[in-house]
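In: coordinates only, no sequence provided:
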């Protein structure tokens, strides 16, 4: 029996409940469509190719970090160090890939390294901090809030010291090698006359890999089980501490990838790069239904959360709403979206 | 049945800070038999099993599995070597599916890391078919009843093909029918040659299925004997350490005028349908029924913590709304909830906080709480409930289940209720402490309070109550007088809509 037939077989009260459930269960999609329709009516330019590509590329830039943090949230944790890790990795990538002969080059004698090498360094750096986060959480039974509150400070301090090295002297790092910027922000495909930057494809690949890890590997299933009930996982023979450490390591790798993309996307990197990215990422996760209660979350939800959040940001600007007012509206939207979404999980009695 | 020893635990000792939890305890399990492990709460049964399973590390002693010495570092180790366990508190990932839980920790994989959903599904189906369990492997655990989850947990333990299977209170949330089902599974395991360690508080059950019985008390081994040489009275004597002359205290309460009248109560989200009943002053009214019959839902609905669709509640002839818990307390209602640990106690708070939490407005002078009055009331509760505790400042989680329950009873008595609703007041409580709880319940009724008692243990309903309503499928299907009813009569009523 398909859902339409089932609906027809119901009596009036059941139908009313079914309609209500449908609205609640699909509230995010409905909200997404409603937002687009409203903005489009007020600003007919909104659905132009340029604007769509803009939203897609902003979402793509934020997707890996959100996917990383989602893992931590599924474990009933969080990660406050994400933004700082992104910033640190971005600065390191930038300094290793400054064009030869650029004045103020941090390492004047160093030719730009091959891209794959820098990419691996980015991943390794992210993974390192991630492992530290995960290890401290698992080994010392600390809440990740505390662990990552500490590591983000440590990462920030290390980054400030790093930026004093050589000729750089704490200034912003720019003058990136064109091979790097082309690889990230160049384009092989356009919608209309608007080029789609390459990093969108990279974000898609990363998302596919994460979907696979979450749904098709024993590590992914263990992650959900540990988030849902760590004691049950333990007595069933799951290595809980290793699972936690690996989840944070994977998150770190995601931040590394975000940093690698972000450095070239921004072009000029400072110690402020990446600041507060984790807050947007957490907001996107909870909007997308990744529950702080643990054990619940879908890749699909994270994607929708990220897109919805970007859509709101871009939409509010398109509506030329006062920037101070934008903060208030963003806050309200996150609050309302989460409150509506939460209704899915409430046990009514 | 054979005399071959499968598992031998020898002189196991385990100390926790300040407590000797296990003191030279030995246990041996023969091939193809059920070995029952009995004792009051805190006797050390679960601790002994956790030492076997690698959750706790034993301080001294030896464990032999089929003659070879073993020492499991963690549950994974134990499972791989052939020891499986159904834990007392259901340890399940409730947000995940049945089959995810079945294969947790050992997912079937290809290429070493890719899980095979198909294999998980077919193998789960296969296991369920052999065991006669009718559950969809893809169902999410939290959407199933506790009994169904329990059966999944049992199936999981069986699926390890273990030689030793530990069942720690497997029937605490099963109905009669499912218990029979479990016993059939146990018979099958015995024929396969498994050794089963069976922990339960239900005496009839133990005598029915076990071959050997070991009784523990205060972390020590008391006796091991073949089941046919044991009787319920003997086991209790060994468990409590003294003769228990009576099961139930004499009834001193005298029912008077009607206090509570409930008319046509139906709930919005739960299954309660058209429930009408009354309770007299000084009367203890029992609610019997199978799991899921709607008994808890009725008292929760009266207390205003579940949404009412229709129906009226009258107290002493006056209509009351009981919109929410605080409204109900104001109207003179009290509810001792079913799950003590989840919704009863505040574990890390002390006895004083736990006793006075529902009554804080009575201690308020201006904006400040009077500590002196709170201490005085707590002292009263400790004395009149005979709570055994070092002092008022003791965290309640450190007390035994019986003493915790007495603290909560004290909490509700301090609100001075007219109607006292008790949901499974003796669940998980020692035999000795049960008697004291019964006594308190009868005393409260003797003081003129209307008492409603929901319980799954029929003997205690018949022994303590004056009248018993039987529920099935959310409806009241019968009313019996406790004086002239039998367990059989109640059971046959209870299964009407099941």
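Out: Thanks, I have it. All values derive from a computational prediction rather than experimental measurement. Numbers count the residues shown, from 1 in each chain, chains lettered A, B, ... in the order given.

In: buried stuff in the helix or strand hosting residue A:41?
Out: Using DSSP states H and E, residue A:41 sits in helix A:27-42. Residues of helix A:27-42 classed as buried: A:27, A:28, A:31, A:32, A:39 (neighbour count, 16 or more other CB atoms under 10 Å in any protein chain shown). Backbone N, C-alpha and C define where each C-beta goes, glycine included.

In: enumerate every residue touching the third one.
Out: Yep, that's residue A:31 we're talking about. With contact set as CB atoms under 8 Å, 6 or more residues apart in numbering or on different chains, residue A:31 has these partners: A:308, A:337, A:340.

In: would you mind listing where chain A has pLDDT under the threshold?
Out: Residues of chain A meeting the criterion pLDDT under 70: A:1-2, A:345-349.

In: show me the contacts of residue A:31 that map onto helices.
Out: Among the contacts of residue A:31, the members found in helices (DSSP state H) are A:308, A:337, A:340.

In: which members of these additionally contact chain B?
Out: Contacts with chain B within the ones in helices among the contacts of residue A:31, counted by CB under 8 Å from any CB of the partner chain: none were found.

In: quick check: the residue of the stretch 301-450 of chain B nearest chain A.
Out: residue B:306 (4.1 Å; CB to the nearest CB).

In: what does the stretch 1-150 of chain B put close to chain A?
Out: Taking CB under 8 Å from any CB as the criterion, the contact residues of the stretch 1-150 of chain B with chain A come out as B:53, B:55, B:74-76, B:79-80, B:85, B:87, B:91-96, B:100-101, B:104-107, B:109, B:113-115.

In: mark which of those are buried, thanks.
Out: Of the members of the residues of the stretch 1-150 of chain B next to chain A, the ones counted as buried by neighbours, 16+ other CB under 10 Å, are B:53, B:55, B:74-76, B:79, B:85, B:87, B:91-96, B:100-101, B:104-107, B:115.

In: among the residues you listed, which are located in strands?
Out: Counting by DSSP state E, the part of those found in strands is B:85, B:115.

In: so which of the buried ones among the residues of the stretch 1-150 of chain B next to chain A are in helices?
Out: Counting by DSSP H, those contribute B:53, B:75, B:76, B:79, B:100, B:101 to helices.

In: what's the farthest-apart pair in those?
Out: Of all pairs drawn from these, the widest gap by CB to CB lies between B:53 and B:100 and measures 21.6 Å.

In: any chance you could map the strands in chain A?
Out: Remark: strands assigned in chain A by DSSP E are A:187-191, A:194-197.

In: with adjacent residues omitted, what lies nearest to whichever residue of the stretch 51-200 of chain A sits closest to chain B?
Out: Of all residues in the stretch 51-200 of chain A, the one sitting closest to chain B is residue A:74 (9.9 Å; CB to the nearest CB). Of all residues not flanking residue A:74 in the chain, residue A:227 sits nearest, at 4.3 Å (CB to CB, 6 or more residues apart in numbering or on different chains).

In: so what's the one you found up against?
Out: In this structure, residue A:227 makes contact with A:74, A:75, A:76, A:294, A:295, A:296, judged by CB under 8 Å, 6+ apart.

In: 10 Å instead, please
Out: With contact taken as CB atoms under 10 Å, 6 or more residues apart in numbering or on different chains, residue A:227 is in contact with A:71-77, A:233, A:243-244, A:247, A:290-291, A:293-297, B:93, B:95-96.

In: what's the burial count for residue 322?
Out: Here I'm looking at chain A. Using other CB atoms under 10 Å in any protein chain shown as the criterion, residue A:322 is surrounded by 10 other residues.

In: actually it's chain B I care about, not the one you picked
Out: The local packing of residue B:322 (other CB under 10 Å) involves 20 other residues.

In: what helix or strand is it located in?
Out: Short version, using DSSP H and E: residue B:322 is in no helix or strand.

In: now residue B:436
Out: Using DSSP H and E, the secondary-structure element containing residue B:436 is helix B:431-446.

In: next helix or strand past that helix?
Out: With elements assigned by DSSP H and E, the helix or strand that comes after helix B:431-446 is strand B:450-454.

In: ok, which residues in the stretch 101-250 of chain A are in contact with chain B?
Out: The interface of the stretch 101-250 of chain A toward chain B, taken as CB under 10 Å from any CB of the partner chain, is made up of A:212-213, A:215-222, A:224-240.

In: now the residues you listed: which count as buried?
Out: Neighbour-count burial within these applies to A:213, A:216-222, A:224-230, A:232-240; the criterion is 16+ other CB under 10 Å.

In: in helices, which of these appear?
Out: When helices are assigned by DSSP H, the members of those inside them are A:213, A:216, A:218-222, A:224-228, A:230, A:232-235, A:240.

In: so where do the strands sit in the stretch 351-498 of chain B?
Out: For the stretch 351-498 of chain B, the strands defined by DSSP state E, counting those that start in this stretch cover B:364-365, B:368-369, B:419-423, B:450-454, B:467-472, B:475-481.

In: low-scoring pLDDT stretches of the stretch 301-450 of chain B, where are they?
Out: Answering for the stretch 301-450 of chain B: no residues sit below the bar, that is pLDDT under 70.

In: one step back: need the buried ones from the contacts of residue A:227 selected in PyMOL.
Out: Only the buried members of these enter the following PyMOL selection, criterion being 16+ other CB under 10 Å:
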select buried, (chain A and resi 71+72+73+74+75+76+77+233+243+244+247+290+291+294+295+296+297) or (chain B and resi 93+95+96)
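
In: related to what we said a few turns ago, let me know which of the strands of chain A is tucked in deepest.
Out: The densest packing among the strands of chain A, expressed as mean neighbour count by mean count of other CB atoms under 10 Å in any protein chain shown, is seen in strand A:194-197 with a mean of 18.

In: chain A contacts on the stretch 251-400 of chain B?
Out: Within reach of chain A by CB under 10 Å from any CB, the stretch 251-400 of chain B has these residues: B:267, B:268, B:269, B:270, B:297, B:300, B:301, B:305, B:306, B:307.
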